[in-house]
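# Need a 3D model of the following:
(chains A and B)
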Amino acid sequence: MSDPLATLSALLSPVFTELAGDRAEGGAAPDPTVRPSDRADAQINGALPLAKRIGTNPRELAQAVVDSGVLAGVASELEVAGPGFVNVTFASSFLEAQLAAIAADDRLGVPEAPQRLNVVVDYSAPNVAKEMHVGHLRSTVIGDALVRMLSFLGHHVIRENHIGDWGRPFGMLIEHLLDLGEDIAAEGLSQGDLDGFYKAANAKFTESEEFQERARDRVVLLQNGDEETLVLWRRLVEMSNSYFDRVYRKLGVLLTDEDLAGESRYQPLMEGAYERLEGTELLVEDDGAMVVFPPGFTNRDGDPLPLIFRSRTGAFMYATSDLACVIDRAERLDADLMLYVVGSPQAQHLQMVFEVCKMAGWLVEPRQAIHVAFGNVLGDDRKMMRSRAGESVKLIELLDEAIERAGDAIAEKNPEIDAQDREAVAAMVGIGAVKYSDLSTDRIKDYVFDWDRMLAFEGNTGPYLQYAHARICSIFRRAGTDRASVRATAIELAAPQERALAMRLLALPTALDVTLESYSPHKLCTYVYDLAVDFSAFYENCPVLKADEPTRSSRLALADLTARVLAQALDLLGIEAPEQM
RNA sequence: GCGCUCGUAGCUCAAUGGAUAGAGCACUUGACUACGGAUCAAGCGGUUGGGAGUUCGACUCUCUCCGAGCGCGCCA
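Numbering: from 1, shown residues only, chains lettered A, B, ... in the order given. Down below sits the predicted model:
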């Protein structure tokens, strides 16, 4: 761990334990509570709670921490302040050594997780023969970022795209496919007109009784595994998947066909899951349905709320499917962790499913399932984002608009760039802007989608971060120096802006840790933004190319390291870092 | 009605129980014969929805009230 704060914490822990002595026995080990500080490089806050616990004077205890001498070589200055804080200033030599270490490290100081976990991430989940809309954006983008971060830490990540490829609507969809003829349907669907297809089918269903009957018969055939029907169903799924794939490529996420784990896949597992549930005696009959009453859930009348696993008519429900899912992930995939990147309205349902799985013994600590919930994308009217016609906005159109707007802005700000480069950069900038605006606020909250703000290129936006990266690349272009060639150069920290930048660069591992502690990508966004701001201050105050040696080389090395950390952190968010823009 | 989530500057958002609640936008004022001004610096702007409690210390934890969104049995 390269973070100087982490080093402090590690060095101080034994000191605190010793100072606590036997008077603190029984409790948890005392935490030095090292925090960033605006009055010094860091502050140690742990003396206050410890003094309280063992009944001594906090300032004296803080002084004892200082006198322990364990920070020799790490800190150049230690000062007891206020009621018992210790302000720490790092020795430049220490920071310089840490910088050298991360500069020589492909992982930029981020250690691999001590324990390699099997992590299933369930995200994106569009519906076959239905358009992907803004509602799918958050799940896809947040899930993708989490997948990237977890993979980077060395975990074994299994992506699962739980597409809606099964169920009653497929009767009418298949009949509509037959009516149209496969070729015509394929043409429409491959053009991305999924909504038109679905709506036409739906319209016929509501209008024509004859069609309804055919649709219902078709569902039965599908469920009974009729081969001809299955062929048609597969065609439909394939056509949708190739469309989804186009969207994913444009969006730049890692999902591929390999990751498809649709509802149909869990269909054959439901019977077994259900039988095992029967074996637990949790299952009870209620009003003809087979249900479980997990404790703590009530309906509007204050009665226990059931989770229904088999309807009165004998059909399995989506709870049954979710149950089969958990069992499959736990037993076949041996998942230590299951992340459900699903909108917050599903909170209660998932909570109930997880609870039943716990009661039945299929979800036992340390194996755990977590709902990574998120809020809505809102329009400027603060309501669910809709197109002018009142329909949900097609994701693909939204992405195209982002790219177009970014292209216009680039053409305006950087007329020298050639058309081909501009096109490539516009995609990186436009998509990056959309992703960053989605990732940079706390996922649990709704957020307002605002073109002007996300593409403003100023303030806390994707383009601003990319710009910081592009500027660094520009320095090297101008210098005619290969970036890799400066990586072994010693960095000397003299100016305060250099120190601040260095501290930030070293903090990447901590930023990743706190991000994954709560699966909140916005924390990593805040880190990257702070890094870009620190770099801007450095750039403004510390001339690189005009500096004398050895300062010039040192600053080139610092700039290169900054670009690497920027690009790495952006990559973990799924955002590309162009070399010019 | 019950449950979950949210409420922070005019707007959009931050803040692992730590000192004086921070950014961006907007507004005001400065800085280009230095590496990309798509920038930087400074100013303005707050009883953190109200109240109570826990704590040496609360935006953060607990309770309560107000307001908003979502969910609450045979769709997924």
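# Skipping adjacent residues, who's closest to A:M239 in space?
Counting by C-beta to C-beta, 6 or more residues apart in numbering, A:M239 lies nearest to A:L189, which is 4.2 Å off, once chain neighbours are set aside. (Glycine included, C-beta is placed from N, CA and C.)
# give me the element the closest residue to A:L108 other than its chain neighbours is part of.
Take A:L108 and drop its neighbours on the chain: the residue closest to it by C-beta to C-beta, 6+ apart is A:I102, 5.1 Å away. Taking DSSP states H and E as the criterion, the element that holds A:I102 is helix A:92-103.
# Pull out the buried positions in that helix.
Within helix A:92-103, the residues that count as buried by 16 or more other C-beta atoms under 10 Å are A:94-96, A:98-100, A:102-103.
# Same check on stretch A:312-325?
A:316-317, A:319-325.
# Any chance of those in a markdown table with distance to A:M352 and secondary structure as columns?
Rendered in a markdown table, the data for these read as follows (distance: C-beta to C-beta, whole Å; DSSP: H, G, I helix; E, B strand; the rest coil):
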| residue | distance to A:M352 | secondary structure |
| --- | --- | --- |
| A:F316 | 16 | strand |
| A:M317 | 12 | coil |
| A:A319 | 8 | helix |
| A:T320 | 13 | helix |
| A:S321 | 14 | helix |
| A:D322 | 9 | helix |
| A:L323 | 11 | helix |
| A:A324 | 15 | helix |
| A:C325 | 14 | helix |
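# which of those lies closest to RNA strand B?
Within those, distances to RNA strand B taken as C-beta to the nearest atom of the strand reach their minimum at A:M317, with 4.2 Å.
# Go ahead and confirm that closest one touches A:V292.
No - here A:M317 does not reach A:V292: they are 11.5 Å apart, not a contact under C-beta atoms under 8 Å.
# where are the low-confidence patches of the stretch 1-150 of chain A?
Within the stretch 1-150 of chain A, the ranges that satisfy pLDDT under 70 run A:23-27.
# what's across from the residue nearest to A:I158 when sequence neighbours are not counted in the sheet?
Spatial nearest neighbour of A:I158, chain neighbours left out: A:V120 (4.8 Å); criterion: C-beta to C-beta, 6+ apart. For A:V120, the beta-bridge partners are A:I158, A:M338 (DSSP bridges).
# Would you quantify the distance from A:V120 to A:K358?
Distance, A:V120 to A:K358, by C-beta to C-beta, to the nearest Å: 17 Å.
# who has more neighbours, these two?
The neighbour count for A:V120 versus A:K358, taken as other C-beta atoms under 10 Å, is higher for A:V120 (24 against 17).
# Quick check, the more buried one in contact with A:A335.
Yes - in this structure, A:V120 is within contact of A:A335 by C-beta under 8 Å, at 4.5 Å.
# ok, A:D534 touching A:R499?
No - counting by C-beta under 8 Å, A:D534 does not reach A:R499; the two are 9.8 Å apart.
# ranges for the helices of the stretch 301-450 of chain A?
Across the stretch 301-450 of chain A, reading from the start of the chain, the helices by DSSP state H, counting those that start in this stretch fall at A:318-331, A:347-360, A:395-413, A:419-439.
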